[in-house]
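**Student:** what's the 3D shape of this:
(chains A and B)
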Amino acid sequence: AQSVTQLGSHVSVSEGALVLLRCNYSSSVPPYLFWYVQYPNQGLQLLLKYTTGATLVKGINGFEAEFKKSETSFHLTKPSAHMSDAAEYFCAVSDRVSSASKIIFGSGTRLSIRP
Amino acid sequence: DTEVTQTPKHLVMGMTNKKSLKCEQHMGHRAMYWYKQKAKKPPELMFVYSYEKLSINESVPSRFSPECPNSSLLNLHLHALQPEDSALYLCASSQLDRNTGELFFGEGSRLTVL
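**Tutor:** Presented below is the predicted three-dimensional model:
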């Protein structure tokens, strides 16, 4: 069975500060890992994904994440927060076996940006 | 602009009503999904269609009835719902061949059951 754990349901940073959102995963097979962002009253949008190859993954809006197998982690970072980054962020895991994507989402982290 | 279109964006219905949510995508994806999302919670998988056939039903009550008329359309028929079914219903699609696991979401249909 697969699962993800997001540490911290709410993270608040100042504008211009480093953003770090934590995600740890559990998977019996090599996982696909994702970060999705959800703005209020909208659907989910893919920020970035790890499938294979390079462990440092760059996404949209200046975000990046590093797959660390030894730590079973996939933390999301951004060097400098912007007010528009305020949203809900979901880490997610999918197995490589199913033909359709049975994605399991973490509980989410709400990111607030202080002026 | 999202490439997965959901209608209606908002729906209010009584417990005896019958209504439907609709989803459409034109990306050639052969997998389509319904998720339910309660406030401040992650999306929960309800149904998955692969090649227009139901492949996953996450033990969803029968008052929710999915339908996939063709590879571009996905419906969710609603009947005799309960107030606790009020939520944001999200449709998504993905590739099946060369599947990387990525889902493409619509903006959702916000359902209120009175």
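
**Student:** for the rest of this, base every contact and every neighbour count on C-alpha atoms.
**Tutor:** Fine.

**Student:** who does B:S93 form a beta bridge with?
**Tutor:** In this entry, B:S93 is beta-bridged to B:M32, B:F104, by DSSP bridges.

**Student:** and it, how far is that from A:L7?
**Tutor:** Distance, B:S93 to A:L7, by Cα to Cα, to the nearest Å: 28 Å.

**Student:** low-confidence stretches in chain A?
**Tutor:** Judged by pLDDT under 70, chain A has its weakly predicted residues at A:96-99, A:101.

**Student:** one more pass at 90, please.
**Tutor:** Segments of chain A classed as low confidence (criterion: pLDDT under 90) are A:1-3, A:27-32, A:40-42, A:51-55, A:94-104.

**Student:** who in it is up against chain B?
**Tutor:** Proximity of chain A to chain B is assessed by Cα under 8 Å from any Cα of the partner chain, with A:32, A:34, A:41-46, A:49, A:51, A:90, A:94-96, A:99-103, A:105-108 identified as the residues in range.

**Student:** return a ChimeraX selection command for the buried portion of the residues you listed.
**Tutor:** Burial among the residues of chain A next to chain B is assessed by 16 or more other Cα atoms under 10 Å in any protein chain shown; the matching ChimeraX selection reads:
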select /A:32,34,42,43,44,45,46,49,51,90,94,95,96,99,100,101,102,103,105,106,107,108
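
**Student:** so which of the residues of chain A next to chain B are in strands?
**Tutor:** The subset of the residues of chain A next to chain B located in strands under the criterion DSSP state E comprises A:32, A:34, A:44-46, A:49, A:90, A:94, A:105.
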